[in-house]
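Asker: the following comprises the amino acid sequence and a computationally predicted model.
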Amino acid sequence: MLTVFRSNRAEFLARLLATQLRLHPPDPFEQVQVVVNTWPTSRWLGEQLAEHLGGIAANLRFPFPGSHLRQLVDQLLVPVGEIPTAGAVDPWRADRLVWPLLGLLPAVAAEAEGEPLRRWLAGRGAAAQLELGHWQLGRAIADAFDDYALYRPELLRAWEGGQAIDGHGRPLPDSQLWQPLLYRALGAELGAEPFGRRVQELIARLRRGGPCPEAGGAPLRLFGLSSMAPIQVQLLQALSRHRTVDLYLLTPCRDLWQRCGERRQELSDALALRQPLDAAWLLEAPGLEARFGRLGGEFQQLLEGTGEAQLGEEQDRDLFFAAAAGTTRPPLLAQLQEQLADADRIPSLAMDPEDHSLEFHPCPGRLRQVQIVRDRLLQLLAADPGLEPRDILVMTPDIDGFAPLVASVFGDAHATGVALPWRLTDRSQQDGAGMASTLLLLLELAGTRLTATGLETLLGCRPLLERFGLELAEAARLVEALQEAGFRWGLDGQEKDPPSHSLAWTIDRLLLGLVLPADPGLAPGETAPWEAVVPLELAGRWLHLLGRLRHWLGELRRGGTVSDWAERLRRLIDDLFGATGDDADERPELMGAIDAWQTAAGACALSLEAPVAAAALRELLGAESGRFGHRSGALTISALEPMRAIPYRVIVLMGLDAGLFPRPGDRPAFHLMEGQRQLGDPHPADQDRYVLMEALLSARDHLLLSWSCRDDRTGAALPPSGPVGQWLQWLAGQLDAEAMGRLLVEHAANPLDRRNFLPAGGREAPSCDRRLLEAVRCLAGERPVPPAALLAGASPQEAPPDGDGEAYAELRDWLVAPQKHWLRSLGLRPGEWEKRVDDLEALALGERERSSLLRETLQRSEGEPGGEAPRSAADWLERHRGQGLLPPGAAGPLEAQLLQRRWTGLVNALEALGPPRRPSHHLGPWQAAIPWRGDAVVLAHTAQARVSHRLELWLQLLLASAAGAAPSRGVLIARDGDGYGPVLVLTAPDPVAARDELERLAGLERQWRSRGWPVPPETGWSHVAGERKKPGQGRAKAAGTWEGSGFHAGERNRAEMEACFGPGLAADDLLTPEVLALATDLFSPLLAAEVVR
């Protein structure tokens, strides 16, 4: 007996199933099996059965249709006397079929019919190992054959008989003749028939009649299925002769069954069960069913069946709910549900002004969309005390794309003041930051060129760092150290020749730096020691991690069979992750995926590359996504498929953007189901459209739909997706313009728009974000909060430094870079994240790098006993050999020549001033070693001079004069054009004036220590120097320096200036009379001491 229970409420079907179990209880030790289509459905149904069966439901199992029916067919086809194999796996499933298929492809391609395959393989070139492209082709063919086995068993039977035809019985074109040939080769290789052919054999056996006790048994129950393959439906109809088959079907329409029967009467049985539903049939269906219900309509047409397939008795039972029943006008959502169930009861729709049961939200961008959905849900929770987060379901077709936005918006409880519990589901282990994603990243890096950015990503993986005892900050410092030591790309000398800048070469530099000094020219094996500036213990942990990564990346670059890969990956997991730690719970599933891969591949002897291993593992790990996390008691955010038919009080369909929804579902050109659709064929677009129908049936109080109406980058207007647009168009024909205006909720693009916080059109203010409200209130005042507000804060550094050297260093740091110094006192490091990770070694040095090399050489030659200066370009090459500082190839000697020319000019300029010395000068709390040349204080800078160098020279000259050393002058040597020379000469003040000026500068530093100095150095100097050169022009000069021009960047673009003054502060807002007066007060004595040349 086949009984179809139809209802528009899933709760009624669950209660009916519970009643059946209570009235006809199974044996206490019998396991009750109910076939469902998703994991969440099994969780929900288990809860419902427990509720209606006394609070406890045990010994229940919820298999999926494919696996359960395959197991059932295998049991019924077992020869008499044999014991059926438990848990037998179908070798024709795509994940298993791909491996023998890949082994047979070369032989099939060599045949005359395999010319297209042969041409494709020749285009890829000969490869010793299986590449990713070959695996992707094999997987696509396996998917096609898997589809044929389920949806075209007649086609496969024809191929077995030697006929080269397509699904409509027409001869195959020459370009497709390889498919029957490959199918027959696979049949001979596997020694088993596909599922569809086995079902046909079983149906034929059952049709022959006679007793068949093995086909009996416990009732076959199927709950909540929205579609099945035709051969599966025929199997149910054939089994109904020998056992009870109960199908609990969620359907929107009471008369859908009648229309399917009428269609069968109009057409022949063969046509009714082959031709998909056409436009004529859809015109007869109610409005929404015609637009979204094709999937359910074709399924019910299959269930209507023919007498030929229906071997047992059949009966229908209807249990439809009148959602709009009552004395008051029902909400629009209930009217739509009622109209679907019985169109005669609701001939027309009406919408009250306070009705918010159905809403459409076009949103300007994805981030705004998530914010709008969050705020609307908070409003619904606030308006209904009985509504809880567990009663809300948010579904989206792009769960991976929305995941980071959901985490940042729903996880920001401070923005709204409400801690909204939420759970993101339907993402596999590979989408997180755990062990599985780290293993896949290693495989991907092994299959391509290793770069510094790739290694940086790997060093951010938590399980790896935990295994080797590293914190995130220590890993970030390791990335910086690798960049400083020269790593750019390449694993070792086999990948990069010469090996400089490779990972192996960089590791050797780090190791040598622990045992050898970083002396110029010391480079054993063309590898110079890196000057280590980290603790030895931390360096040891770094090297341990890098050594193991280098080893395993090298191992993963070797090919191997699936068995080789399985053993290799198990050893890798033991070594890099261990068996303990926060992510240890992932280990069993990861090991299980590797075991499943090895089992599926069987005796496949193909040698695979790392990307193929990564693709195969990613597929296996993704197969279990969505199994857990549903029904957690929190607001659930999931993909469209798993929870589409589960009832919730509030359902949100988010991200229904054109291009994403519905999915196009394009098949490969060789797929014989492409363009030859038959009744019951799967199509992602129909499945997605049916989501709208099932969401409409499952929403109890509110149904919200949202999509992006603006491009995130350009702001261009975007249309809604086709199904959403069709729904709106249909509703516009049912409702008046005023009701449609309430139904379609427009939103401001800017989250700081005042309209977000003002009620309008009978609706409350759209936004619940208190942080944005505060920003709007600030912007609505007389004047926005000044960006320089950070300068008004108090620094925690209130007490003056104690040591003499510290006092001078504090004064110097404040004088040359007051904003940086103040931010550091607050614990801030502006620009610390601006360090770029380079993946390529430079082909030429930049001016910054040249200046650094010259400065380092100057310090060594003056500061170290016996320090020798380079005398030729060859000396530069020798001094920096093995450091990776000079560019490779012929560019290195060219840079060395340029450095030698500049060095010669710098040395000549300094030697012209006299011999060097560095005496220490002391006055009160200030003490410092000051560089001299002859009778002058000399500051040498290897690049072009800036205002900070003027100020530093001035401070050194003041200390030397105040201490009684009687310098004749102060000289700044810096690059001037292509050479070096004195760019600034300062007159030395007398000791009393120098002491007074030092005290004055120290007083300024103490006065502004807790508030922050409001004068940017370059801008302040431009004002004072401009006024001296031409009175009245200083402000314009300062504005140009601050804001910049097309030829140079403004001072305001520096990270420390943006942190102190805010991004994009206008010069008019900065250059107040107070700021200009402070600049004049600071720079005037320095300017007065300058010797005009």
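Answerer: Sure, I can see it. Numbers count the residues shown, from 1 in each chain.

Asker: count the neighbours of the residue lying closest to E764 once chain neighbours are set aside for me.
Answerer: Using CB to CB, 6 or more residues apart in numbering and skipping residues adjacent in sequence, the residue nearest E764 is Q379, 6.3 Å away. Where C-beta positions appear, they are placed from N, C-alpha and C, glycine not excepted. Q379 has 17 neighbouring residues, counting by other CB atoms under 10 Å.

Asker: Q379 and R763 touch, don't they?
Answerer: No - Q379 is beyond contact range of R763, at 9.2 Å (criterion: CB atoms under 8 Å).

Asker: mind listing what I507 touches?
Answerer: 543, 546-547, 550 (CB atoms under 8 Å, 6 or more residues apart in numbering).

Asker: A18 now?
Answerer: Shown in contact with A18 (CB under 8 Å, 6+ apart): 48-49, 52-53.

Asker: then A323?
Answerer: The contact partners of A323, taken as CB under 8 Å, 6+ apart, are 8, 330, 333-335, 337-338, 341.

Asker: make it 7 Å
Answerer: Contacts for A323 (CB atoms under 7 Å, 6 or more residues apart in numbering) come out as 330, 334, 337-338.

Asker: same check, this time on V534
Answerer: For V534, the contact set (CB under 7 Å, 6+ apart) comprises A481.

Asker: does it sit in a helix, a strand or a coil?
Answerer: Three-state call for V534 (DSSP: H, G, I helix; E, B strand; the rest coil): coil.

Asker: ok so A88 is a helix residue?
Answerer: No - according to three-state DSSP, the state of A88 is coil, so it is not within a helix.

Asker: which pLDDT value belongs to it?
Answerer: Looking at A88, its pLDDT reads 72.

Asker: who's in contact with L957?
Answerer: By CB under 7 Å, 6+ apart, the contact list for L957 reads 937, 967, 970, 986, 988.

Asker: scan those residues and report the most crowded one.
Answerer: Top of those by neighbour number is G970, holding 28 neighbours under the definition other CB under 10 Å.

Asker: give me the beta-bridge partners of it?
Answerer: Taking DSSP bridges as the rule, G970 bridges to V937, L986.

Asker: pretty sure it sits against T987.
Answerer: No - the criterion here is CB atoms under 7 Å, and G970 misses it with T987 at 8.1 Å.

Asker: quickly note the distance from G722 to E567.
Answerer: Remark: distance between G722 and E567 (CB to CB, to the nearest Å) = 50 Å.

Asker: A780 too?
Answerer: 67 Å.

Asker: can you check A107 too?
Answerer: A107 sits 28 Å away from E567, going by CB to CB.

Asker: point out where the stretch 151-300 of the chain drops to low pLDDT.
Answerer: Residue ranges of the stretch 151-300 of the chain with pLDDT under 70: 210-216, 255-286.

Asker: and the helices in it, which stretches?
Answerer: For the stretch 151-300 of the chain, the helices defined by DSSP state H, counting those that start in this stretch occupy 153-160, 178-190, 195-207, 230-239, 256-266, 269-272, 279-284, 287-292, 294-304.
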